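Q: one predicted model, sequence on top.
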Amino acid sequence: MTTQQSLEALLTARTSAGEDVPPPAAFVAAATETDDSARERAAADPVGFWGEQAKDLLDWTRPWDETLDESNAPFYRWFKGGGINASTNALDRHVAAGRGDKVAFHWAGEEGETRDVTYAELLDTTERLANVLRSRGIGQGDVVGIFLPMVPEVAAAMLACARIGAIHNVVFGGFSVESVAERMEVSSAKALITAAGARRKGKFAETKKQLDPLLEDSTIETVIVVPIAGDTPLQAPMKEGRDLDFTEAIAAADPHCEPADTDAETPLFILYSSGSTAKPKGILHGTGGYLTGVAWTFRHQFDFKDDDVYFCSADVGWVTGHSYMVYGPLVNGATSVMYEGAPDYPHKGIWWELIERHKATIFYTAPTAIRACMKWGAELIGEHDLSSLRLLGTVGEPINPKAWHWYSEVVGGGRCPIVDTWWQTETGHTMVTTLPGVDDARPGSCGRPLPGVSIEVVDEDGKPVEAGTQGLLTVTKPWPGMLQTLHGDDDRYVSTYFEKFGKDRYFVGDFARLDPDGYLWVIGRADDVIKVSGHRLSTAEVESALVSHPAVAEAAVVGMHDDDTGQAIVAFVTIDGAAEEAGRDQDELIADLREHVAGRIGKLARPKAIHFTPDLPKTRSGKIMRRILRNLVEGKDLGDTSTLKDPAIVDEIAAQVRD
Ligand code: WTA
């Protein structure tokens with residue numbers, strides 16, 4: 001047998017065995033936590049448990065008056081009255097403890113550049129930038145947009161906001177400039193920190209130049225421009241009086257910046273995420289509870305030790321980047337690897353090259369990425385020495401057992417436990433996973449609720465279902481990193497998360513089941529959110545982008561299972577017969593529509609397939625029945641079609657899909 005064949009045979013045997021995988025003995029021997037006492041302690045007194053962790057892990061300028069105030073549920077208030085600043089917890093205290101020379105980020109650029117940024121250097125840039133923001137009249141409660149590639153400046157930008165009590169609003173670098181402008185407008189951002197350009201797989205985008213027309217007449221009064229694309233100098237057009245060059249402004253700024261007197265409830269950031277409507281939700285996180293949750297989970301789910309080198313492949317523009325690239329690692333004083341580029345650029349072995357170069361010990365990525373690496377082949381990995389790795393993690397979507405075993409065997413060399421971390425932008429930090437020195441892993445399941453976290457799977461009426469039965473996932477007790485609200489929309493916060501089952505039970509939006517041992521198996525989303533490569537998108541957002549094209553009359557978008565990306569976007573479109581473009585070649589129109597969506601939202605939202613249909617399946621009252629389309633693309637039974645206005649349309653669409 002070739003090596004490839006024997007690997008296949010091994011994976012098939014392991015996957016079909018479906019057995020629990022205990023943590024490797026050598027790992028357990030060195031692990032900090034090897035018994036379940038934290039879960040037991042927390043179960044007896046969850047609020048007390050989080051209070052202890054908050055004291056232990058963070059520096060407070062004032063003690064809190066109350067650990068959890070539930071009097072205005074579902075607006076739960078953690079550590080009420082406690083004084084705390086996120087930037088001093090992430091930076092100053094490490095420098096003050098003599099650890100200023102420790103590397104915070106080993107940065108690697110797409111074209112092979114490298115830069116090491118120490119805690120002292122990151123603090124210096126943060127303080128100076130905070131002073132620049134202050135000099136432009138930005139202070140507590142103001143919103144600052146951040147649209148930057150994966151460069152160390154992005155962490156300084158976030159922490160500079162935190163230092164002065166401003167709220168950062170980071171937009172993922174893969175979103176279009178239109179999405180950036182929209183997110184700035186709805187959050188009334190006063191300033192934007194961006195780069196002259198961004199590089200992606202050898203191509204340049206002149207970000208600032210593209211943004212400029214959209215910033216006219218906006219609420220943005222200050223634009224700070226990092227004069228680079230990646231690490232390549234690039235001069236952007238600058239508007240007198242509004243725009244500042246990052247490098248020049250930093251050089252001229254006072255190096256000392258007194259942190260604002262922020263408290264546990266000071267909003268730290270807004271992160272727009274997709275929900276059930278076309279309008280993205282501004283998920284708002286506070287300071288004290290959020291930091292407690294990310295600090296504790298980072299330390300315990302990764303069995304973090306001071307000499308670890310941690311590599312998270314997420315982009316900082318998603319919540320994983322916020323919690324486990326910036327706040328979690330920095331608050332714990334960790335050294336991280338930050339990679340600017342795509343996993344297949346400049347070559348498909350770049351992650352393994354970086355792990356080998358920096359002797360990374362912990363690697364955290366998404367199942368989609370693991371499946372892509374599987375396709376590229378185990379040989380690419382064999383070329384590198386990955387023996388430094390001692391723990392692996394995944395996040396963002398369910399992992400299929402075959403990919404789990406491949407990750408464990410090929411990347412982890414059989415030495416590394418895998419933590420499959422379940423959480424959401426809303427939860428702020430991991431809620432369910434295996435504690436790596438304590439729990440057996442059950443490939444395909446994310447594990448058990450973490451200490452201090454309580455979940456239940458319920459039916460439509462909110463009644464817990466029997467073990468092993470699929471239902472709706474809920475969280476039954478407040479947890480420290482929970483979102484505070486949706487920015488500027490308390491009503492939507494309540495109606496999205498606390499209307500269906502009441503204010504004591506947070507509605508997650510996932511279908512799941514709990515097995516008899518309390519292990520969680522996430523099936524997928526129960527709402528109109530699609531997960532493409534682990535990235536969260538709403539069907540309504542893509543539909544709204546499609547109908548903004550002049551040729552489109554109506555559109556319905558659904559998610560379809562995809563072996564590589566987890567889910568893929570499929571669009572059903574009716575053409576406006578009167579439109580000039582109605583007579584165009586269909587392939588050309590499809591290409592045009594895909595680009596149109598990319599322009600409106602970002603490339604990640606481009607539909608994989610577009611079907612033109614004369615009409616969409618609708619009820620007599622005109623509501624589009626996406627359920628039927630979903631079943632159709634998944635090859636499932638269509639269900640009841642008798643309520644449709646025109647049941648014949650389904651056959652026509654089915655013929656299209658099969659073509
Ligand atoms: C899904 C990402 C299975 C889930 C951190 C959730 C997962 C949504 C896992 C949140 C996992 C996240 N296993 N499914 N380990 N982690 N999900 O807000 O459907 O981008 O509701 O946060 O991702 O996505 P979000």
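A: Sure thing, it's come through. Numbers count the residues shown, from 1 in each chain.

Q: what about the strands in the stretch 251-400 of the chain?
A: Ranges of strands in the stretch 251-400 of the chain, per DSSP state E, counting those that start in this stretch, are 269-273, 281-285, 309-312, 335-339, 362-365, 391-395.

Q: the third one near the ligand anywhere?
A: What that stands for is strand 309-312. No. Applying C-beta under 6 Å from any ligand atom, one finds strand 309-312 out of contact with the ligand, separated by at least 11.6 Å. Heads up, the C-betas are built off the backbone N, CA and C, glycines and all.

Q: how about the strands of the stretch 251-400 of the chain in a markdown table, adding distance to Leu473, mean pLDDT and mean neighbour count?
A: Output for the strands of the stretch 251-400 of the chain, formatted as a markdown table (distance: least, C-beta to C-beta, whole Å; pLDDT from 0 to 100; neighbours: other C-beta atoms under 10 Å):
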| stretch | distance to Leu473 | mean pLDDT | mean neighbour count |
| --- | --- | --- | --- |
| strand 269-273 | 17 | 96 | 25 |
| strand 281-285 | 18 | 97 | 24 |
| strand 309-312 | 25 | 98 | 23 |
| strand 335-339 | 30 | 98 | 23 |
| strand 362-365 | 22 | 98 | 26 |
| strand 391-395 | 16 | 98 | 25 |
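
Q: would a markdown table of the ones you listed with distance to Ile250 be doable?
A: Below are the strands of the stretch 251-400 of the chain laid out as a markdown table (distance: least, C-beta to C-beta, whole Å):
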| stretch | distance to Ile250 |
| --- | --- |
| strand 269-273 | 22 |
| strand 281-285 | 27 |
| strand 309-312 | 26 |
| strand 335-339 | 19 |
| strand 362-365 | 30 |
| strand 391-395 | 33 |
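
Q: between the two ends of stretch 137-150, what distance do you get?
A: 27 Å (C-alpha to C-alpha, to the nearest Å).

Q: any idea of the pLDDT on Met1?
A: With respect to pLDDT, Met1 has a value of 63.

Q: rewinding a little: out of the strands of the stretch 251-400 of the chain, which is closest to Val103?
A: Across these, Val103 has its closest neighbour in strand 335-339 (4.8 Å, C-beta to C-beta).

Q: what strands line up against the closest one, and which way round?
A: strand 103-108 (parallel), strand 309-312 (parallel) (DSSP bridges).

Q: out of the ones you listed, flag the one nearest Ala648.
A: For Ala648, the closest of the strands paired with strand 335-339 is strand 309-312, at 50.9 Å, according to C-beta to C-beta.

Q: what pLDDT does the model give the residue in the stretch 551-659 of the chain that the ligand sits nearest to?
A: Closest approach between the stretch 551-659 of the chain and the ligand, counting by C-beta to the nearest ligand atom: Gly566, at 8.9 Å. At Gly566, the pLDDT value in this model is 93.

Q: surely it is in contact with Ile370?
A: No. Counting by C-beta atoms under 8 Å, Gly566 does not reach Ile370; the two are 11.0 Å apart.

Q: hang on, the earlier thing: which of the strands of the stretch 251-400 of the chain sits closest to Thr3?
A: strand 391-395 (21.0 Å).

Q: report whether the helix or strand following the closest one contacts the ligand.
A: Once the chain leaves strand 391-395, the next helix or strand it forms, by DSSP states H and E, is helix 401-406. No. Helix 401-406 lies out of reach of the ligand by C-beta under 6 Å from any ligand atom, never closer than 11.1 Å.

Q: what sits opposite the nearest residue to Thr114 once chain neighbours are set aside in the beta ladder?
A: Using C-beta to C-beta, 6 or more residues apart in numbering and skipping residues adjacent in sequence, the residue nearest Thr114 is Ala108, 5.7 Å away. Here Ala108 sits in beta bridges with Thr114, Tyr339, going by DSSP bridges.

Q: many thanks, have a good one.
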